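*Asks:* the sequence isn't on hand, but the structure is:
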């Protein structure tokens with residue numbers, strides 16, 4: 001393997017899987033941005049949200065996909081919520 005493109009091709013990721021990965025990355029980047037804009041450390045967020053700091057660290061490092069309940073436990077005390085919005089090009093439903 002000489003570069004990322006070769007490695008990515010070897011993973012054989014579908015377009016849907018790649019979209020899901022990108023959405024998760026965007027969510028994590030947004031969470032970090034929210035924390036930083038509010039001038040909070042990971043420990044501050046953990047205390048505010050009544051979770052342990054390693055959970056915040058794992059979420060921000062994307063060492064695993066965060067569960068929805070974990071996301072809500074962090075976002076709500078920070079003044080945010082999750083929303084479902086259409087993609088720029090909605091797909092036709094599978095019938």
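*Replies:* Looks like it came in fine. Because the structure is a prediction, the values reported are computed rather than measured.
*Asks:* below-threshold pLDDT in the chain: ranges please.
*Replies:* For the chain, applying pLDDT under 70 flags the ranges 1-2, 89-95.
*Asks:* what segments of it are helices?
*Replies:* 4-11, 15-37, 42-49, 53-61, 68-75 (DSSP state H).
*Asks:* quick check: angle from the second one to helix 53-61?
*Replies:* Comparing the axes of helix 15-37 and helix 53-61 via axes from the mean of the first three to the mean of the last three CA atoms, to 10 degrees yields an angle of 130 degrees.
*Asks:* still on that earlier bit, make JSON lines out of the helices of the chain and add distance to residue 84 and mean neighbour count.
*Replies:* Glycine gets a C-beta too; all of them are placed from N, C-alpha and C. Output for the helices of the chain, formatted as JSON lines (distance: least, CB to CB, whole Å; neighbours: other CB atoms under 10 Å):
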{"stretch": "helix 4-11", "distance to residue 84": "28", "mean neighbour count": "9"}
{"stretch": "helix 15-37", "distance to residue 84": "11", "mean neighbour count": "13"}
{"stretch": "helix 42-49", "distance to residue 84": "22", "mean neighbour count": "16"}
{"stretch": "helix 53-61", "distance to residue 84": "20", "mean neighbour count": "16"}
{"stretch": "helix 68-75", "distance to residue 84": "12", "mean neighbour count": "15"}
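*Asks:* the ones you listed: which one's closest to residue 86?
*Replies:* Judged by CB to CB, the one of those that comes nearest to residue 86 is helix 15-37, at 12.8 Å.
*Asks:* who does that closest one touch, helix- and strand-wise?
*Replies:* helix 53-61, helix 68-75 (3 or more CB pairs under 8 Å, 6 or more residues apart in numbering; DSSP states H and E).
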